[in-house]
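Trainee: I'll drop the sequence and a predicted model, then ask my questions.
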Amino acid sequence: MESTGDKGALIQLTELKPKTQTQPSARPATPLSEVALLTNNPKEPSLSDEIQRELESADRVDLLCSFVKLSGINILRKQLSFLKSRGIPFRVLTTVYMGATERPAVDKLVKEYGAQVKVSYEQRVTRLHAKAWIFHRNSGFTTGYVGSSNLSHAALTDGLEWNVRVSNSVTPGILRQFEVAFQNYWESDSFESYDGSDEDGAKLEKSLLNAAIGRGSQRRPNMAINFSHVDVQPYPHQSLMLDELHAERGKGHHKNLAVAATGTGKTIFSALDYRRLCEAAGGRRLRLLFIAHQSEILNQAQSAFATVMRDESFGESLFDGRKPIHNEHIFATIQTLAQGAMEEYSPDYFDLIIIDEFHHSAAPSYRKILDYFRPEELLGLTATPERTDGTNVAAEFFEGRIATQLRLWDALEEGLLVPFHYYGIDDGTDLSEIKFHSGKYNESDLTKYYMSHTRRTRIILQQLEDKIAYPQLMRAIGFCVNVDHAKYMAEQFNTAGLSATYLEGNSTLDERTEAIRRLKNPDDKLCIIFTVNLFNEGVDIPEVDTLLMLRPTQSITLFQQQLGRGLRRTADKAVLIVLDFVGNQASGFRFDMKMRSFTRDGHITKSFIESPELPVGCNLQLDRKAQDQILRSIKKQLNPKVPAMVDQLKVFVEEEKKKNLDVVVTELLEPYLEKHGLELANIYGRSVAYKQGQNKKGLTFTFLLDAAGQIPQIPLLYEEGSRVQQIANRIRALTHVNDAQRVDSYTRFLTTDISESQMTLAEKRMAWGLVFSFWPYGKFEAGKENPVMTLDEGLIELQKHPYFINELLQIWAYKLDIDRHLPQQSASLSPDIPLLTHASYSREEIYAALGAHEGDKFTSPGGSVSGVLEAKQTNTLALTVTLEKSEKYYSPETMYRDYAITEKKFAWDSQNRTTPESRLGKIYRHCSNKGEMPLLFVRYVREDGMGTSPFMFIGSVSYLAHTGSQPMHITWDLERDLPAEMFNLARASA
């Protein structure tokens, strides 16, 4: 305390400290309530001095840094000893990045200073470049530092480092972000605990050596040779792919294709899938056959499986004259099998067959294998499902299905691929008069046009000079229309002084090998190979750093395959340059298709084109003409005027009638969407006035068919306020239904004469969810004076409208087909509560399922169900969470209130008035004692392309811990792990 010594004068409280601490704690030069920039300027407080002072008054300390050195620890040794003596928790996250961390430094943190340390052993790419300290104080005066300084002497003292000091008093939102991000890293499988044991030390040394060698450093002393297998856990993108594959099998699909770019871990993914299948089989090692066309691939695959299975002896070889003995887990070349080895096994001998590079499957040797074996599960792996001969292996072998496909966004976000800089450039051409049919231009006409358009060639060369510092040093591939075009472009580049060649499908193996060898050689002058589609598949040149898109394509698969040729990482490639030359296209050309490759969720919007959100390091720029043209195309294709949609549908239906005279036009929803590259939101996300002068209602497929004259006119469809319009307007409210149990029940309610008296309690609640979806207030007409309907009255009214019933059945069938979740019964819930974990529900369905409408007085969901819904009839609490609470403006105070810590833990903020001792606060803290059961429902945004977003039911939750009051910040333990897709959205550090 400080005092003037005058009697009666005010005394200032400056510190609370233990009785054993006789001296006051050092105080930072910057007050705890202020922010500052520290640059190690001699005239300013040094970072090392400030850190030392902060350590003396902290109640908890967290440190995040890329590398740790002994020189940095020695500067802080006094304060670190003080932390340990006071029992202050000290957590450290670090990495093996560049091999810069020193093992003795990490050991000292653990053994001498009692720190909890976790290490990221990722060497190929690190996601942790941040350097930050957080000094937690129970008084609320928490502070933090973020900047460029690692834990080294130079960084803390006189290095040219910039660090920003933040304060909870001034920047509480930023500090909250610090805490959330650190906790997410701490809980992540990417960081492994380090305890200073010999085993951990050897593992750290090995990883540091590998990282150091990767950057050219010398061998370190006292190296441990043995390195035990790590417990391989999937990356987030692999977890998502595993979930999707699991869901496909759950639907009865046991022949599946997985698509992922080269270099993104397809083999590890397949090994993780095998491990998951074995776990599902009770731990039994399933019989495995892994097939590839090269022995090198098989050796790598066997090593990957051994690592994942933590069994160095896993697998046997069937190639190069080697034969298996145990015949349980075999890695074989296609050549060996096709030459007779396969006949040594019965067709159903193997539980799982994996075929790598599945795009080769059209070859006779592969067909022979596929025709012979009948495994329980078949998994094809490929980066290129579209072959050069036009064959699509998904269509030919998997009924047109791709079970799971690595999203480009996810691979880039995980750092598995090199970032791209994409430039959409107007090339001055006009292709509107070139023949265009079924998404393709006439190749001959297009080539003649391009070869006669010399201005286009000049623009291409000018753009290379503008976008690339030294075009002569680039390693590029140019994708052309045909061989004549490729040959022409090579000639033009050679004339311009850029060494170029071209390859075609008829090029000999020696010619291809030589051209690729030259392009890879940094001392060779060859800087570009022009081709048609030779490099779309099967050829891997990681050194490629530039792509020229010289032909228009609207195939998203082909476009991604071409992009994949340049996205492989190498030690000296920082970015891939993509130059896409865009002319004025034919009216039916779909720009939106390939642009979807760049989005997080595969949906393209006007706002994305104008202000693209991309993974870190990526860039997308469109020149003015290219942007205008793409925006016009997107508006036309994705948001056409309703009369244009009516005309489009009329043409489509007539074409279908020509193919099949017996076609049922009301059952053409899914074929129509597929033919025109549309999604449900393109119809049900729109509103239209059914008749001029009327209020807008939800657009439906039935309305489009009626307007196109393809069905008999529906009575009262065009009468304002009619029941028909009421129902049509709410069809969109049921487009999210994604579980077979609900579809079966809803179908029975709509197509049979079942009455309420014949239903179980669960069926009644489910039926009310259906009825509330059309009439949220439980009334046919709004207003207090109007009566509440009975359940039977609501169902009977719905059954009067067969066209809309048929439309709903089609929507649900389509949704079940494309959905990649696997809803399951909750073990915690009574069978009377019809909710499945990982299924999606509207607010009306949640209300009804929990019986909130039941009781002495009928109630309805009405306008909304938000925050916390107490359902006394079922003794449950519905916690409804919207992750993105501000869709227009970034606000740290709201964006990080609710988030996933791990797949199993979820951080949730109560309502602002809730305290730990309030009624709800006590319920939350004691819910595990058979009290009211909290149920977690999560959605990403409040509104999506079809209006109000549904919630995913995660399951019941159990209380783990909380901090704070008004609101309480609670950590829940989840009954069922978050699915990978939702986890990736909900983790605050993503």
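Mentor: Okay, I see it. Given the structure is predicted, the values throughout are model-derived calculations rather than measurements.

Trainee: Tally up the residues packed near the residue lying closest to Val771 once chain neighbours are set aside, please.
Mentor: Spatially, and ignoring its direct neighbours in sequence, Val771 is nearest to Gly794 (3.6 Å; Cβ to Cβ, 6 or more residues apart in numbering). C-beta: built from backbone N, CA, C; applies to glycine. Applying other Cβ atoms under 10 Å, we find 22 residues neighbouring Gly794.

Trainee: Gly794: helix or strand, and which one exactly?
Mentor: Using DSSP states H and E, Gly794 maps to helix 791-799.

Trainee: host element of Lys206?
Mentor: Applying DSSP H and E, one finds Lys206 within helix 198-214.

Trainee: Can you name the next helix or strand after that helix?
Mentor: Sequence order places helix 236-250 as the next helix or strand after helix 198-214, per DSSP H and E.

Trainee: Tell me the helices and strands packed up against that following helix.
Mentor: If you count contacts as 3 or more Cβ pairs under 8 Å, 6 or more residues apart in numbering; DSSP states H and E, helix 236-250 packs onto strand 255-259, helix 266-280, strand 404-405, helix 408-413, helix 980-986.

Trainee: Any regions of the stretch 601-750 of the chain where pLDDT drops low?
Mentor: Scanning the stretch 601-750 of the chain for pLDDT under 70 picks out the ranges 638.

Trainee: need the helices for it, in chain order.
Mentor: Listed in chain order, the helices of the stretch 601-750 of the chain (DSSP state H, counting those that start in this stretch) span 606-610, 624-638, 642-659, 669-675, 680-684, 701-707, 723-729, 740-751.

Trainee: closest one to Asp545 among those helices?
Mentor: helix 624-638 (22.3 Å; Cβ to Cβ).

Trainee: Give me every residue in contact with that closest one, excluding its own residues.
Mentor: With Cβ atoms under 8 Å, 6 or more residues apart in numbering as the contact definition, helix 624-638 has outside contacts at 424-426, 582, 584-585, 587, 589-592, 595, 604-606, 609-610, 622, 677-678, 682.

Trainee: What are the buried residues along that helix?
Mentor: The neighbour-count check on helix 624-638 (16 or more other Cβ atoms under 10 Å) flags 625-627, 629-630, 633-634, 636-638 as buried.

Trainee: CA atoms of that helix as PDB?
Mentor: Extracted in PDB, the C-alpha atoms of helix 624-638 (Å, rounded to 0.1, in the frame of the first residue of the first chain):
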ATOM      1  CA  ARG A 624     -12.000  -5.200 -64.700                       C
ATOM      2  CA  LYS A 625     -13.300  -6.800 -67.900                       C
ATOM      3  CA  ALA A 626     -12.800 -10.300 -66.600                       C
ATOM      4  CA  GLN A 627     -14.600  -9.500 -63.300                       C
ATOM      5  CA  ASP A 628     -17.500  -7.900 -65.100                       C
ATOM      6  CA  GLN A 629     -17.900 -10.900 -67.400                       C
ATOM      7  CA  ILE A 630     -17.700 -13.400 -64.600                       C
ATOM      8  CA  LEU A 631     -20.200 -11.500 -62.500                       C
ATOM      9  CA  ARG A 632     -22.600 -11.400 -65.400                       C
ATOM     10  CA  SER A 633     -22.200 -15.100 -65.900                       C
ATOM     11  CA  ILE A 634     -22.800 -15.900 -62.200                       C
ATOM     12  CA  LYS A 635     -25.800 -13.700 -62.100                       C
ATOM     13  CA  LYS A 636     -27.300 -15.400 -65.200                       C
ATOM     14  CA  GLN A 637     -26.400 -18.900 -64.100                       C
ATOM     15  CA  LEU A 638     -27.100 -18.800 -60.400                       C
END
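
Trainee: Compute the inter-axis angle for it and helix 642-659.
Mentor: 60 degrees (axes from the mean of the first three to the mean of the last three Cα atoms, to 10 degrees).

Trainee: Give the buried residues for stretch 692-701.
Mentor: Buried, per 16+ other Cβ under 10 Å, within stretch 692-701: 697-701.

Trainee: Check the offset of it from the chain's centre.
Mentor: Centroid separation between stretch 692-701 and its chain, computed with Cα atoms, centre = their mean, to the nearest Å, is 35 Å.

Trainee: And the contacts of it?
Mentor: By Cβ under 8 Å, 6+ apart, stretch 692-701 touches 642, 669, 672, 683-684, 686-690, 718, 720, 725, 728-732, 804, 807, 810.

Trainee: closest to Phe906 among the buried residues of stretch 692-701?
Mentor: Gly698 (33.3 Å).

Trainee: is the closest one in a bridge, and if so with what?
Mentor: Taking DSSP bridges as the rule, Gly698 bridges to Ser687.

Trainee: Repeat that for Pro934.
Mentor: Beta-bridge partners, per DSSP bridges, of Pro934: Leu877.

Trainee: between the buried residues of stretch 692-701, which is closest to Asn138?
Mentor: Using Cβ to Cβ, those come closest to Asn138 at Gly698, 53.5 Å.

Trainee: which regions of the stretch 801-950 of the chain sit below the pLDDT cut-off?
Mentor: 863-866, 886-896.

Trainee: rerun that using 80 as the cut-off
Mentor: 863-866, 885-897, 928-931 (pLDDT under 80).

Trainee: In it, what residue spans correspond to strands?
Mentor: 824-825, 836-837, 840-841, 868-871, 876-882, 899-900, 905-909, 933-939, 943-944, 947-948 (DSSP state E, counting those that start in this stretch).

Trainee: Could I get those strands in JSON lines, plus columns for mean neighbour count and distance to Phe269?
Mentor: Formatted as JSON lines, the strands of the stretch 801-950 of the chain follow (neighbours: other Cβ atoms under 10 Å; distance: least, Cβ to Cβ, whole Å):
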{"stretch": "strand 824-825", "mean neighbour count": "13", "distance to Phe269": "23"}
{"stretch": "strand 836-837", "mean neighbour count": "24", "distance to Phe269": "24"}
{"stretch": "strand 840-841", "mean neighbour count": "25", "distance to Phe269": "26"}
{"stretch": "strand 868-871", "mean neighbour count": "18", "distance to Phe269": "39"}
{"stretch": "strand 876-882", "mean neighbour count": "23", "distance to Phe269": "30"}
{"stretch": "strand 899-900", "mean neighbour count": "24", "distance to Phe269": "22"}
{"stretch": "strand 905-909", "mean neighbour count": "21", "distance to Phe269": "25"}
{"stretch": "strand 933-939", "mean neighbour count": "23", "distance to Phe269": "26"}
{"stretch": "strand 943-944", "mean neighbour count": "14", "distance to Phe269": "29"}
{"stretch": "strand 947-948", "mean neighbour count": "17", "distance to Phe269": "35"}
